[in-house]
Each structure stands twice: as structure tokens, then as C-alpha cells.
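> sequence first, then the predicted structure:
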Amino acid sequence: MFIFDPMKALLYLLDLLYRFWFYVMIGVVTILLFPFLFLTTISEKTYPQFYVVARTWSILILLGMGFFPKVKRTKKLDKNRSYVVIANHSSMVDIMMMFWSVPCPFVFIGKKELAKMPLFGFFYSRSSILVDRENRQSKKAVFEEAQRRFKQGSGVCIFPEGGVPKNYALALGRFKDGAFRMAIEHELDILPVILYDNKRKFPYKAKYGRACPGRLRARIMPPISTQGMDVHKDKAILRQQAYDLILEALKHK
């Protein structure tokens, strides 16, 4: 027999309102910064300036949501170097946290579906490398586009789980090869980032838990060198090394 629980109903309603406010914040901040976002995405040459605006966009949204980012860097990064940045993926606020946490300009490699979002999708498509995971040719084009971006001095950011894991109970989903193959082929360091609280504070979907404001911690680990690695011999080893590093950090958060 169904028993109505007023407290659960109230918490569910508050969660929905909080999630709605997230999209309101994206819209408001994007409109507020629209001239700067537009001018800095006209050309790829202005991407470093766009990255500054994107970091401002991110922190305004995070603070507007009642989140207080705390970023720990275990080693000073060279802002003039390109990295293949990787992180665990579990929340819609991961994008904002990555922009704010990493001071070195990078472009996201992400699913093309996000480009369909009103307003946000416009700038996302102009500033990111979009991939159709069902299209092999699209995946090949991503590597070519990434190579061009590396030559311009930008890094790339990939969530190596390939998206939010279907089994949301997992601390970390299985890593795909793309980021590690790319890093080895271009002799770029892997830069692991651990997002500790996003999954708990703002779950990807309401069915996974209640969203709430609070502290969001991120930790940037020391870069993992790929110098001298062979893509065929060392790709799986590098992937497992990065996976173990992030998983161990999440277990001892």
C-alpha cells in the first residue's frame, strides 16, 4: 500500500527546484557574459582569452549554486604546456569544476548532444571538440582536431569513463583508451584531476540522490609523463596507472 511521506515529497520538490536553479544560473551567467563569450569564440586565436572568460563563467555559476570550490594542486603546473587532462565524471557541475580547477587552457572533448542545449550549446560547440560516439569517422576526426589544437598550445580534457557510468554505484567506471592513446602519440603528460564531492553534492540525475550546496573539493595530481612510451605496448599500462591513481584517491577522500 502506498503511504504518502510529506517529508520525502518536500525533499524531492526542493531537489527539483535546486536543479532548475542550476539551469537558471547557466542561462543568467551566459547572458551576462555573452559579449565576452562571443568575442573570444570568433576565432581560435582568442581561445586563451576565452578560457579566462570560461573560468569566470564557471565560478559565478558555482557560487550562485551555493558551492564553494576548494582546489588543491600537488605540483605547480606550467601554464605554457599542453596536457591531456582527465577526471572522474559524475555530475553536471564537472565542467564548471574542471574549468575552475585547471589553470592551463584546454578544450573539452565531449559528446555532441550537449551542443543542442539552448545558449550553452552554442558556445560549447564553438569552444570544444565534439564527438559522435556511434560514428567511427567522428572519432578519427577528433584525433586530427586535437592534434591541431595541441599545435596552437591548448591541451584537451577528456572524461575517460566515456560519460557518467551507467552503474552509478561504482566509485569509478572503466576507462576507455582514447585519452591515453592521444597522450602517448603526441608525447603529452596526462594530468589527473580528482573531483571528490560532485557526485554527492550534485548527482547526475535526481534518482541518484538529493542535490545540496556546500564545499566542492578538487585535487590536481602530478602529471604522468608519457615520454618514451609506445602506444601499443604502454597504452593499457598507462590507462591502468591513471585509473588506480584516481580510484585510490576517491576511496580515501
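Right, received. Where do you want to start? Numbering: from 1, shown residues only.
> okay, CA-based contacts and neighbour counts for the rest of this
Fine.
> which stretches of the protein form strands?
Counting by DSSP state E, the chain has strands at residues 67-73, 83-87, 106-111, 129-131, 155-158, 189-195, 214-220.
> which of the ones you listed has the lowest average pLDDT?
Sorting these by mean pLDDT places strand 129-131 lowest, at a mean of 83.
> strands paired with that one, and their directions?
strand 106-111 (parallel) (DSSP bridges).
> chain center to the strand it pairs with: distance?
Put simply, strand 106-111 sits 8 Å off its chain's centre (C-alpha atoms, centre = their mean, to the nearest Å).
> re earlier: right, so of the strands of the chain, which gets closest to Leu247?
Closest approach to Leu247 among the strands of the chain (C-alpha to C-alpha): strand 189-195, 8.8 Å.
> if we look at that closest one, which residues are touching it?
82-89, 94, 180, 183, 216-226, 242, 246, 249-250 (C-alpha atoms under 8 Å, 6 or more residues apart in numbering).
> circling back to that earlier point, which of the strands of the chain sits most buried?
Counting by mean count of other C-alpha atoms under 10 Å, strand 83-87 has the highest mean neighbour count of the strands of the chain, with a mean of 26.
> tell me what angle that strand forms with strand 189-195.
30 degrees (axes from the mean of the first three to the mean of the last three C-alpha atoms, to 10 degrees).
> which strands and helices sit next to strand 83-87?
On a contact count with 3 or more C-alpha pairs under 8 Å, 6 or more residues apart in numbering; DSSP states H and E, strand 83-87 meets strand 155-158, helix 178-185, strand 189-195.
> surely Met229 touches Ile184?
Yes - using C-alpha atoms under 8 Å, Met229 is in contact with Ile184, at 6.2 Å.
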